[in-house]
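Participant: Okay, structure incoming, though there's no sequence with it:
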């Protein structure tokens, strides 16, 4: 086999790059009746700008780590050409070498395409990872570095949203067979707040994949596009041996896959009204994207639990264009989330991929159709489905009413027709008159009335002595706990509703430099805010917003006096601010020395929402006690009181 060839990203219609392993899996499913192949997931990416990195920003830099198989450093040119050339000569070539490795097991369902894709992105400097904490993951996993656009390093997360592919279709058009895949981004969602990645081993025991000077199977050939060459691009060139190779040691490189399992996300497992990734995305904010990863499931029909989710390919929505300065970028689409408070409308995106599969594995390709009208078409399809559902409900209701009218008509017919029925009606009226007369006779004298009173008295006594039961049973299943409460039904005769909010929600304090992972502050490991070159000059205080009234206690946690303004960052990524919510901050004795206390929030927008800037003259004492009150959570409006 040979490394697939790709073309330069196109200005219209999008450009799909597919991995050779996906074609192999289709062939496996076609030849094995027990294997099924179906498109299942997608991920929206915001690929960063193509430029040199400043302040640690994640950018795409083709000259950062890549080298040619000949030993020379990769020389970057036009971004459109470099993007296609490195994807072909690095990612697709590494995959082809791996597929031909003697140790490769073709029976395993999981492919290595996704690991090689993120390894390629990591080599370009586009993506970086950190270990996910217990508030983010229930398993050992990674996540991208935090979004941070402060005075320090700048990082913007690449994977913005993960979703499910719900609709597929097969059509024949002008002699070609197409498989249509519909990607729909609902109006109600924002970005997925946290996307988890799990490290995975490659399907080989080797840790290096050795490459020739020319990509696999293309020796003596030329690319159809003269702008793209066929020279292998690798990780390392060994000067001593003259060998070029890809480093696939999972302990040394980013060999990761996106986690699509809902139970792996702590924010889903720990929040009662968030049941899946779709609900989780509804808590996110607006975002931008310019590329889409398309995934498929390969599974056993007889045992569906034997399943693997593999990367099919990446769809680039536009060509790479100059930003007018020193860099270039792929034009981004903006996904707005609706705001129920302000009444602002959100937007949805729908894309249809027409996939025409080549029977040859030498050139794996697809045709894509990303039209201006596809969003309208999907919306029209969804509206039609909704209208059909409403029509079904109306038909069921009309049928129920028709049955009721038929019953009433039968009753009228039974009363009207025939003399025999008329005689029966007369007899029933006479019987009722007789019963009325008998009742009147019982009340004509005092003896009859006394007998009725005596009978009623006997029944009341029976109720008192328990002969006639007086207990009433109630359905207690309709009573359930809400936020901040719990229900105690341990006593079968009583229901106890208990307030489960015990005063404050205590949030721990961390040191944070807007780059790395926050470090917990304890009494045994306090934060020296006056350390030279460190302290408040390099770090701020980080705390997570929790439900209800929060209290951040810094008592016995700070040493010395601040050598700069003291910044406090309140992370509202897991729990959003609510109107009227309180956040209290308590200090031990501290001398600000002319420095201010700055309080920020707004994790989704890199903490650019200033709650307050407190000058030293505003503080009442040297043991400040500050109370923050959320007035408008939508527009981030707060009031701050200095209680002490």
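Facilitator: Cool, the structure landed. Keep in mind that this is a model prediction, so the values were computed, not measured.

Participant: how near is the residue nearest the centre of the chain to residue 265?
Facilitator: The residue lying closest to the centre of the chain (C-alpha atoms, centre = their mean) is residue 192, at 3.1 Å. Distance of residue 192 to residue 265, given as C-beta to C-beta, to the nearest Å: 9 Å. Placement of C-beta: from N, CA and C, glycine included.

Participant: intersection of neighbour lists for the two?
Facilitator: Both residue 192 and residue 265 are in contact with 277, 280, where contact means C-beta atoms under 8 Å, 6 or more residues apart in numbering.

Participant: Distance from stretch 531-546 to the middle of the chain?
Facilitator: Between the centre of stretch 531-546 and the centre of its chain there are 29 Å (C-alpha atoms, centre = their mean, to the nearest Å).

Participant: tell me how far the ends of it are from each other?
Facilitator: 30 Å (C-alpha to C-alpha, to the nearest Å).

Participant: residues in contact with it?
Facilitator: With contacts defined as C-beta under 8 Å, 6+ apart, stretch 531-546 is touched by 135, 505, 507-514, 518, 521, 527-530, 550, 552, 554, 560, 562-577, 583, 595, 601.

Participant: in the stretch 451-600 of the chain, which segments are predicted with low confidence?
Facilitator: Counting by pLDDT under 70, the stretch 451-600 of the chain shows low-confidence ranges at 470-474.

Participant: For it, just list every one of the strands.
Facilitator: Remark: strands assigned in the stretch 451-600 of the chain by DSSP state E, counting those that start in this stretch are 485-488, 496-499, 505-506, 510-512, 519-520, 527-528, 540-544, 550-553, 558-559, 566-571, 582-586, 597-601.

Participant: Compare these and give me the one nearest residue 59.
Facilitator: Between residue 59 and the strands of the stretch 451-600 of the chain, the tightest spacing by C-beta to C-beta is seen for strand 510-512, at 23.3 Å.

Participant: May I have the strands that pair with that closest one, each with its orientation?
Facilitator: Applying DSSP bridges, strand 510-512 is found paired with strand 519-520 (antiparallel), strand 540-544 (antiparallel).

Participant: Among those, single out whichever gets nearest to residue 480.
Facilitator: Here strand 540-544 is closest among those (C-beta to C-beta), at 27.7 Å.

Participant: now the angle from the closest one to strand 566-571?
Facilitator: Angle, strand 540-544 to strand 566-571, by axes from the mean of the first three to the mean of the last three C-alpha atoms, to 10 degrees: 20 degrees.

Participant: what is the orientation angle of strand 540-544 with strand 597-601?
Facilitator: If you take the same axes, to 10 degrees, strand 540-544 sits at 40 degrees to strand 597-601.

Participant: what's the angle between strand 540-544 and strand 582-586?
Facilitator: Using the same axes, to 10 degrees: strand 540-544 against strand 582-586 is 140 degrees.

Participant: ok, back up a step: please name whichever of the strands of the stretch 451-600 of the chain is nearest to residue 66.
Facilitator: Among those, strand 510-512 sits nearest to residue 66 (C-beta to C-beta), with 32.9 Å.

Participant: Mind listing residues that contact the closest one?
Facilitator: With C-beta under 8 Å, 6+ apart as the test, strand 510-512 has contacts from 518-521, 527, 539-543, 569.

Participant: Would you list the buried entries among those?
Facilitator: With neighbours counted using 16 or more other C-beta atoms under 10 Å, the contacts of strand 510-512 contain these buried positions: 518, 521, 527, 539-543, 569.

Participant: Looking at these, spot the one nearest residue 435.
Facilitator: Once C-beta to C-beta is applied, the member of the buried ones among the contacts of strand 510-512 that ends up nearest residue 435 is residue 543, at 79.7 Å.

Participant: from the contacts of stretch 531-546, which would you call buried?
Facilitator: 505, 507, 509-514, 518, 521, 527, 529-530, 550, 552, 554, 562-575, 577, 583, 595, 601.

Participant: Quickly list the domain ranges of this structure.
Facilitator: Residue ranges for each domain of the chain read 15-371, 418-471, 472-500, 505-642, as given by automatic domain parsing.

Participant: how about those domains, which one is nearest residue 393?
Facilitator: domain 15-371 (22.0 Å).

Participant: which stretches of the stretch 1-150 of the chain aren't confidently modelled?
Facilitator: Residues of the stretch 1-150 of the chain that meet the cut-off, pLDDT under 70, sit at 149-150.

Participant: So which residues of it form strands?
Facilitator: Taking DSSP E, counting those that start in this stretch as the test, the strands found in the stretch 1-150 of the chain are 15-18, 35-45, 67-68, 129-131, 142-144, 148-149.

Participant: Which secondary structure elements does the longest helix along the chain sit against?
Facilitator: As assigned by DSSP state H, the longest helix anywhere in the chain is helix 374-416. Under the contact criterion of 3 or more C-beta pairs under 8 Å, 6 or more residues apart in numbering; DSSP states H and E, helix 374-416 touches strand 176-185, strand 349-355, helix 419-442.

Participant: got JSON lines for the strands paired with strand 510-512, with distance to residue 41 too?
Facilitator: Supplementary listing: the strands paired with strand 510-512 in JSON lines, determined by distance: least, C-beta to C-beta, whole Å:
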{"stretch": "strand 519-520", "distance to residue 41": "35"}
{"stretch": "strand 540-544", "distance to residue 41": "29"}
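
Participant: still on that earlier bit, ok, which of the domains of the chain comes nearest residue 5?
Facilitator: Residue 5 sits nearest to domain 15-371 of all the domains of the chain, at 5.9 Å, using C-beta to C-beta.

Participant: Just the endpoints, please. Distance across stretch 250-258?
Facilitator: Start-to-end, stretch 250-258 (C-alpha to C-alpha) is 15 Å.

Participant: Name the residues of that stretch that are buried.
Facilitator: Buried positions in stretch 250-258, judged by neighbour count with 16+ other C-beta under 10 Å: 253-258.
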